[in-house]
Each structure stands twice: as C-alpha cells, then as structure tokens.
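J.: Return atomic coordinates for the entry below.
(chains A and B)
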Amino acid sequence: MTLAGAAAVAIGALLVAAVLFGVVTVVGRLVRRAARNRRARLAAPARRLLVRLAAGDDDETLIDQLVAVDARTWKAVEPAAVAMLGKVRGEAHTALVEVFQRRGAGTRAERDLHARSPVARARAAEVLGNVGTADDVPQLVDLLHDKDPDVRVVVVRALGRIAHPSAAGPLLASTVGPTPVPPPLVAHALVRLGLAAQVDVAAALDDPAELARATALEVLGLIGAVGSARQVEFALRSDLSIEVRLRAARTLGRLGTRGALAPLLEAMEPDRPPALRAEAAHALGELGAPAAAQPLAALLTDAEYRVAHEAARALLRLGAPGREALSASDSPHAREAIGIADLEEARRGALAVAGR
Amino acid sequence: MTAILVADDDEDIRELVLFKLEAAGFDVTAVDNGVSALEAARDQPPDLVLLDVMMPGLSGIDVCRALRAEQATAQLPVILLTARAQEGDVQIGFGAGADDYVVKPFSPRELVSRVEAVLARTKA
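T.: Below is the predicted model:
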C-alpha cells in the first residue's frame, strides 16, 4: 500500500471512530434521560405526598400512605425525600423522619455505611445525618477517616446535623492527619453542635496540631462560648502559632467579654506582628469598648497600612467616642472611614425618604 | 385574596411553599429565578414577595434592592428565604430593605406566621 493509501485508511478509521463515539455518547444521554424521566414518572404520586407532608399538611394518613409505597417507587422517590429532610424543620421534619424510620431506612443506612461503593457509603451517611440519633455517632465517627474524601465531607455534615457533643473531639481531630477534612466544613458542623460542645471544643486548644487549635478557636467564637474566654485570652497571649493567635483575637472580639480588652490592647503593641495588630484592632471594634478609643486613635498614623486601616474602621464601630477620635485626626484612614460613614448615612436617609 | 409572589430556584422549596401558602388561603405565583421575580413584581405588584437569596443570575438581595429603588414597588413587603444564616448575611438582607429573614431549613408553619405578621405590620 502506498503512503497516501495508508493515510486515507487511517483518516477513514478516525472518522468512523469519531462517528461511533458521537453515536454512543448521544445514545447514552438519551438512555439516561429516558431512565430519569421514567423514575420521575414513577416517583410523581409519592413525591406529591412528600411535598404535602413536608409542607406540614395536617392529613394524618400521609405518613401511612408513604410507608405503604412499594419498594420500587420508594427507590425512585427516596433522593427527593432525603433532600426534603434538609430543607424543613419542626413538625414537618419530624413527620418525614418518621416515614424514613418506619420504612427501615435507618437500619439500611447503618448497613450501607460499610458498603464497597463510596456513593453508597456517602448516601448512607447522608440518611443517618437526617434520621440518625446519638447511637449512630460512633459509626459515623469511624467514617471520618474514610479513604474517599467525598464520603468524609458527607460524614462531617451528617455529624453536624445529628449535633451530639460526643462528635466534637473526633470532628476537630479530622482536620489533621493523612485523611483530613477541610476545616471550614468541620467548623460549620461544630457550630451546629452549639454550646453543648463547648468543653470538648475548648479542650482542643491544647491539641498539638495548629489547625485543630485554630478551628477550635473559630468555633468558640461562633457559638458564643463566653465560658471559654479565659482560655482564648491565654491562646492570644501565648500560643506559638501566629495563625492561632489571629483566630484568638477575632474570637475575643466576637465573644465581647470585658476581660478581652487587656489582651487585645497588648496584641496591638508595636513589637507584635502587623497581622496580629490589625486583627486585634478589628476585634476591639467588634468589642465596642469606649476605653479602646484612645489606643486605636494612636494607631491611625501607624506605618503599617492594614493596622491604621483597621484602627479607623474599629473606631467607627465604637460610636461617639470613636467618631470624635476620627474627626480629631488628619490621617487619610480616618478621613476615609468618616467618608464611608457619611455615605452610609446618606443612603439610609434616602431609603427613609423612599418610605422604608 | 392576598397575592404572594414566591421566587426560588429549588423546585422542592417552591412546591412546598406554594402548597402551604395556598392552603393558608393566599393567591400564590411561583417563579424560579430573580429576573422573572422582578418582572412579575413590576407587571402586577403582589401584596408580598418571598425571595430565595441564592438564585442564579439575579439574587434575592439584588431583586430586593431593585424593588426598593422603584417607586411602584418600593413599599412591597419582602421576606428573604435563605440558607445563609451568619450574622453578616442577615445584616446584608435587612440592609437591602427586607422586612423579614427566614433561614433554611425552615418550619412551613412558622413561614406562614411570618408572612401573616409582615402583612399585618405593613398594612397597619
């Protein structure tokens, strides 16, 4: 065969392969779409019942009707039911949970936590997060070290929804190690545990891992754990990690305790890292203590841009004493803060004129 | 009949809010995006608008601001429905001119109470 002939055959083969690939792709999509539509048609009557139940319809037979739905239909409607669980609370949520429990979904989910497929494990964790109790926490905690990162994420969220304090320590520990979970996700789950988890979260301030300590501090601030304020102050003053001290400063601002003033003022001293000084200035604004006005005013001309900038913004939040200090300063940061405050006032005035 | 416009891109939420509010005696129109919500509110201003915050294109916050900026819709009571529960998010919602802020997951029964309360407040 000549070179031109071989090239023609190769091009022809490529074209045939491309056409075949296209046909397979299109047929695959059509088959999937048809299956989706079939499932939707099958699920439609049960889905209508679900919507009524999730909307809090008073019809007492709804739960029985959903429990009586055949297994094939339930399989089609279950994803919608799981999704619905995460969207409502109160009586509507309790009613949905009852449907899952009476259909044995909890028992099936416990079994599927050990399935080979990561999708099955994740789905089981999702179901347990919605219908599970404190008894399911140990099994879910084991899955915090699942080899699949997506499963770990679902497990963290599930533990947050069950909201049992015994999950606090394992959740914080999951931020480090060979199979870590992103700290913001862990923090979000811990916040759902609320103040009941305060002691366990505060215990993580002694954890050797910097990330665990930083996450614990963030959570303590978000749940308003004023009972742990002294430990947070200690972290601000003596932790070796700058990241942890930054979080400690932010948390003290959020907690708003009287004792936070002194450690935050110390953190603004000139020999401290600029990032920490700026964060402490910001936190003093959050704290809203008029006694911080003078020390913050002294920072308006600081050589570090972010320190002076945060000091000006913090003074604005202090109200009259802060505004007075800003007016007395000719620092560009002070002028900028006043300008922004004036604009905001003008906007509010305009809204008031419009009738709001 | 009191007319309520609901905008949410989540079909489940849209359907259950529609069902609950209709069962409570309201005349409900539901749309699945912010642009349609704004158009519907301009064409036929309802008595109250219930907006999801995170919608593709125009968010609930954007719609709320746009409604407040126009004379014909500036007075419309607006309730934001959102999964964003942080203090800052709530502040942004009220800053945009919302009358109330309902956090997901929500209680359908409580939602109806809030709708009734906002309507009573704004009609007073």
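J.: In contact with residue 109, which residues?
T.: No chain in the question, so chain A it is. Counting by CB atoms under 8 Å, 6 or more residues apart in numbering or on different chains, A:Ala109 makes contact with A:Arg123, A:Ala124, A:Ala125, A:Val127, A:Leu128, A:Val131, A:Gly132. In this view, the C-beta of every residue, glycine as well, is placed from N, C-alpha and C.
J.: The chain in question should be chain B.
T.: B:Arg109 touches A:Gly56, A:Gly90, A:Glu91, A:Ala92, B:Lys20, counting by CB under 8 Å, 6+ apart.
J.: Model confidence at the residue in chain B positioned nearest to chain A, what's the number?
T.: Nearest residue of chain B to chain A, counting by CB to the nearest CB: B:Ser107, 3.4 Å away. Predicted confidence (pLDDT) for B:Ser107: 93.
J.: That one against A:Lys87, yeah?
T.: No - assessed by CB atoms under 8 Å, B:Ser107 is found out of contact with A:Lys87, at 10.8 Å.
J.: hmm, which of the contacts of B:Arg109 are the buried ones?
T.: A:Gly56, A:Ala92, B:Lys20 (16 or more other CB atoms under 10 Å in any protein chain shown).
J.: And these, which is the shakiest by pLDDT?
T.: The lowest pLDDT within the buried ones among the contacts of B:Arg109 belongs to A:Gly56, which sits at 86.
J.: State the distance from B:Ser113 to A:Ala337.
T.: 41 Å (CB to CB, to the nearest Å).
J.: Those two - which one has more neighbours?
T.: The neighbour count for B:Ser113 versus A:Ala337, taken as other CB atoms under 10 Å in any protein chain shown, is higher for A:Ala337 (24 against 12).
J.: mind checking how far that one is from A:Ala293?
T.: To A:Ala293, A:Ala337 is 13 Å away according to CB to CB.
J.: follow-up on the earlier one: from the contacts of B:Arg109, pick the one nearest A:His282.
T.: Checking the contacts of B:Arg109 against A:His282 by CB to CB gives A:Gly90 as the nearest, at 37.1 Å.
J.: If we ignore the residues flanking it in sequence, what's nearest that closest one?
T.: What sits nearest to A:Gly90 in space, not counting adjacent residues and going by CB to CB, 6 or more residues apart in numbering or on different chains, is B:Ser107, at 3.4 Å.
J.: Can you get me a residue count around residue 63?
T.: The chain I'm using is chain A. Neighbours around A:Ile63, by other CB under 10 Å: 16.
J.: nope, chain B please
T.: The local packing of B:Val63 (other CB under 10 Å) involves 29 other residues.
J.: can you tell me the helix or strand for it?
T.: B:Val63 is part of helix B:60-69, with elements assigned from DSSP states H and E.
J.: anything in the next helix or strand after that helix near chain A?
T.: Tracing the chain C-terminally past helix B:60-69 and defining elements by DSSP H and E, one meets strand B:78-82 next. No - if you take CB under 8 Å from any CB of the partner chain as the test, strand B:78-82 misses chain A, and the best it gets is 10.2 Å.
J.: What helices and strands are in contact with strand B:78-82?
T.: strand B:48-52, helix B:60-69, helix B:87-95, strand B:100-103, helix B:108-123 (3 or more CB pairs under 8 Å, 6 or more residues apart in numbering or on different chains; DSSP states H and E).
J.: quick one on the thing from earlier: just the contacts of A:Ala109 now: which is nearest A:Asp112?
T.: For the contacts of A:Ala109, the minimum distance to A:Asp112 (CB to CB) is 3.6 Å, reached by A:Ala124.
J.: separation between that closest one and chain B?
T.: Here A:Ala124 is placed at a distance of 21 Å from chain B (CB to the nearest CB, to the nearest Å).
J.: Show me where the stretch 201-350 of chain A has its helices.
T.: For the stretch 201-350 of chain A, applying DSSP state H, counting those that start in this stretch gives helices covering A:210-222, A:229-238, A:242-255, A:261-267, A:274-287, A:293-298, A:305-317, A:320-327, A:332-353.
J.: In JSON lines: those, plus distance to A:Gln139 and mean pLDDT.
T.: Formatted as JSON lines, these follow (distance: least, CB to CB, whole Å; pLDDT from 0 to 100):
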{"stretch": "helix A:210-222", "distance to A:Gln139": "23", "mean pLDDT": "94"}
{"stretch": "helix A:229-238", "distance to A:Gln139": "31", "mean pLDDT": "96"}
{"stretch": "helix A:242-255", "distance to A:Gln139": "31", "mean pLDDT": "96"}
{"stretch": "helix A:261-267", "distance to A:Gln139": "41", "mean pLDDT": "96"}
{"stretch": "helix A:274-287", "distance to A:Gln139": "39", "mean pLDDT": "96"}
{"stretch": "helix A:293-298", "distance to A:Gln139": "51", "mean pLDDT": "95"}
{"stretch": "helix A:305-317", "distance to A:Gln139": "46", "mean pLDDT": "95"}
{"stretch": "helix A:320-327", "distance to A:Gln139": "52", "mean pLDDT": "92"}
{"stretch": "helix A:332-353", "distance to A:Gln139": "51", "mean pLDDT": "84"}
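J.: Kindly reformat those as JSON lines containing distance to B:Phe26.
T.: Formatted as JSON lines, these follow (distance: least, CB to CB, whole Å):
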{"stretch": "helix A:210-222", "distance to B:Phe26": "36"}
{"stretch": "helix A:229-238", "distance to B:Phe26": "47"}
{"stretch": "helix A:242-255", "distance to B:Phe26": "39"}
{"stretch": "helix A:261-267", "distance to B:Phe26": "50"}
{"stretch": "helix A:274-287", "distance to B:Phe26": "41"}
{"stretch": "helix A:293-298", "distance to B:Phe26": "51"}
{"stretch": "helix A:305-317", "distance to B:Phe26": "41"}
{"stretch": "helix A:320-327", "distance to B:Phe26": "46"}
{"stretch": "helix A:332-353", "distance to B:Phe26": "27"}
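J.: just checking, B:Ala98 touches B:Leu81?
T.: No - counting by CB under 8 Å, B:Ala98 does not reach B:Leu81; the two are 10.1 Å apart.
J.: What is the helix or strand that B:Ala40 is a member of packed up against?
T.: Assessed by DSSP H and E, B:Ala40 sits inside helix B:34-43. When contacts are defined as 3+ CB pairs under 8 Å, 6+ apart, helix B:34-43 sits against strand B:3-7, strand B:27-31, strand B:48-52, helix B:60-69.
J.: Pick out the shakiest of these, pLDDT-wise.
T.: Among the helices and strands packed on helix B:34-43, helix B:60-69 carries the lowest mean pLDDT, at a mean of 92.
J.: List the contacts of B:Glu116.
T.: When contacts are counted by CB under 8 Å, 6+ apart, B:Glu116 touches B:Ala24.
J.: What pLDDT is listed against it?
T.: pLDDT recorded at B:Glu116 is 96.
J.: can you list the contacts of A:Ala109 in a markdown table and add secondary structure, pLDDT and neighbour count?
T.: Converted to a markdown table, those look like this (DSSP: H, G, I helix; E, B strand; the rest coil; pLDDT from 0 to 100; neighbours: other CB atoms under 10 Å in any protein chain shown):
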| residue | secondary structure | pLDDT | neighbour count |
| --- | --- | --- | --- |
| A:Arg123 | helix | 90 | 21 |
| A:Ala124 | helix | 92 | 28 |
| A:Ala125 | helix | 94 | 28 |
| A:Val127 | helix | 87 | 24 |
| A:Leu128 | helix | 90 | 29 |
| A:Val131 | helix | 83 | 23 |
| A:Gly132 | coil | 78 | 23 |
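J.: That'll do, ta.
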